[in-house]
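Student: could you look at this predicted model? Sequence included:
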Number of protein chains: 2
Amino acid sequence: MRMAAKLGILAGGGPLPGYLIEACRSSGRDVFVIAFEGQADADVVNAAPHAWVRLGAAEDALGRLRAENVEEIVMAGPVRRPTLAELRPDRRAAKFLARGLLNKGDNGLLGAIVRTLEEQEGFRVVGADTVLEYLRAPEGVFGQVEPDSGMREDIDEGVRVLRETGHLDIGQAVVVQQGIVLGLEAAEGTRRLIERCGDLRREGRGGVLVKLPKPGQEIRADMPTIGPETMSAATQAGLSGIAVAAGSTLVIDRAGLVESADRAGLFVIGIRPADIAGDGGTG
Amino acid sequence: MRMAAKLGILAGGGPLPGYLIEACRSSGRDVFVIAFEGQADADVVNAAPHAWVRLGAAEDALGRLRAENVEEIVMAGPVRRPTLAELRPDRRAAKFLARGLLNKGDNGLLGAIVRTLEEQEGFRVVGADTVLEYLRAPEGVFGQVEPDSGMREDIDEGVRVLRETGHLDIGQAVVVQQGIVLGLEAAEGTRRLIERCGDLRREGRGGVLVKLPKPGQEIRADMPTIGPETMSAATQAGLSGIAVAAGSTLVIDRAGLVESADRAGLFVIGIRPADIAGDGGTG
């Protein structure tokens, strides 16, 4: 095993950059964080050497990464699409954006960022899951609660809907209750999807959240992630459980998530739909 | 032209049943309304001979329609999916529902209702548009405001998304802003779709609402409809306009809708995507 090169973290919001910092620390790996202004959480990035950079300041960010001798980069945590006023792209960012990428779906935009970092800037881009192997969703039921046959049918329907809409690059998640699609994620994100499906809930067995990477999705840049917040939203909304793609989903604080799932009587399951990219699924 | 047979209106919510009553009255056509409890608006159905019937009381509804010598039926106005407790299906309704139809999308459920009314009960089912020819969306721009080229691109993207998701029987509407899908309708309905997209709005040119029948949709039972309320939600949400399918959309109070669209600077346009069923579109 080769000595791991210094890791650069491009930090968006949420706790994920902190998990990466922690993983580097405990394995003795050097790390440097580019913390995006208005996106990253100061409490999280303060735990490692870091620099605050405007999202549009590509020149600064790249220069800083090189000055720090970073070789490998992880993009971690959600980045809210900025307004142009917030973005104020420098010349380098403007050249990149001139390709009309701000008006692409996440796949288009993030895929282009990864390609540029690798092919033009010479970095290696890896997924957070390669650093945080232990955060990958396992296959099968996580906790005490098993989905019943009706819930499994809803999971299958959710998988079908996401497989057939995924190439449109709209969203990663869907809520299905008793065969009816209550909601399909687009720009609102998974938490708000779950919340609004709480209002649409029908009587009887609660719906299921299915969250999967889109076919062909650049998961190095935008890996589906769930955590205790997802579970608490799901519980509030009266869902019966959550299904994610085993292997290609990050699970933040699995112990905490499973504990609250067990307490609330919800299932959490890692599934392997046949056609999830790069997963060699078993159906 | 044959004498029009007595029209039976199966009345859900909203103003549409009232327009049908009015159209029958002004053409001297006999009419009888089955007003579904908890769905129809009393002020609307009071304008014609009518009977209040529980949604689950199929025997009552069919018996009454026959006693009134109704031959032709229109289903008009949205019907909220009832809880089973509200539904209390009689034997006839229960037999119908035993096929698991409550857990199908709208297409599946409404299509089965239409087939049963025609093939087993011997009624003719017609679309509200055949009675209300003048409410059909025309082709082209309705008011003073024209969509610019960017808005037209968003319309095209919305059409593409709806064409590719339509066979999943999820929803009729999508909001696209600058190439990004802000929201895709599912169980929440068009008004709530528009409202939540107001919160997701990006700066710059506002998004467009595209609302189209699903491919293969039983439009006799569930014709896409817009009206002044749609326009006021769109204005509130900062949209730049609305595109609907010419010919296969009902426009309630077009004069009022156009007036408020012109005032707010929004466009409304009837389009003919190539593949809208039965429309012989011109692209």
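Tutor: Arrived safely.
Student: which SS state does A:I9 fall under?
Tutor: Classification of A:I9 by DSSP: H, G, I helix; E, B strand; the rest coil places it in strand.
Student: from chain B, how far off is it?
Tutor: A:I9 sits at a distance of 26 Å from chain B (criterion: CB to the nearest CB, to the nearest Å). (Glycine included, C-beta is placed from N, CA and C.)
Student: quickly list what the closest residue to that residue other than its chain neighbours is bridged to.
Tutor: The shortest distance from A:I9 to any non-neighbouring residue, by CB to CB, 6 or more residues apart in numbering or on different chains, is to A:V33 (4.6 Å). Bridge pairing for A:V33 (DSSP bridges) gives the partners A:I9, A:H50.
Student: how about A:V33, what does it touch?
Tutor: When contacts are counted by CB atoms under 8 Å, 6 or more residues apart in numbering or on different chains, A:V33 touches A:8-9, A:11, A:17, A:21, A:40, A:45, A:48-51.
Student: measure A:A233 to chain B for me?
Tutor: 16 Å.
Student: do A:G100 as well
Tutor: From A:G100 to chain B the distance is 8 Å (CB to the nearest CB).
Student: quick one: buried residues of the helix or strand of chain A with the lowest mean pLDDT?
Tutor: Lowest by mean pLDDT, DSSP states H and E among the helices and strands of chain A is helix A:84-87, with a mean of 75. Under the neighbour-count criterion of 16 or more other CB atoms under 10 Å in any protein chain shown, helix A:84-87 has A:L87 buried.
Student: which residues make contact with it from outside it?
Tutor: Contacts of helix A:84-87 (CB under 8 Å, 6+ apart): A:38, A:54-56, A:93, A:102, B:203-204.
Student: ok, now with 10 Å
Tutor: A:37-39, A:54-57, A:80-81, A:93-94, A:97, A:102, B:202-204 (CB atoms under 10 Å, 6 or more residues apart in numbering or on different chains).
Student: from the chain's centre, how far out does that helix sit?
Tutor: 23 Å (CA atoms, centre = their mean, to the nearest Å).
Student: please save the CA atoms from it in CSV.
Tutor: This file holds the C-alpha atoms of helix A:84-87, laid out as CSV (Å, rounded to 0.1, in the frame of the first residue of the first chain):
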residue,chain,number,x,y,z
LEU,A,84,-24.2,35.2,-9.7
ALA,A,85,-23.7,38.1,-7.3
GLU,A,86,-22.4,35.7,-4.6
LEU,A,87,-20.3,33.8,-7.1
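Student: mind checking if the helix or strand just after it is in reach of chain B?
Tutor: Note on helix A:84-87: by DSSP states H and E, the next helix or strand toward the C-terminus is helix A:91-97. No: shown here: helix A:91-97 not in contact with chain B (CB under 10 Å from any CB of the partner chain), separated by at least 12.8 Å.
Student: picking up where we left off before, what's the closest of the contacts of A:V33 to chain B?
Tutor: Nearest to chain B among the contacts of A:V33, counting by CB to the nearest CB, is A:A40 at 21.0 Å.
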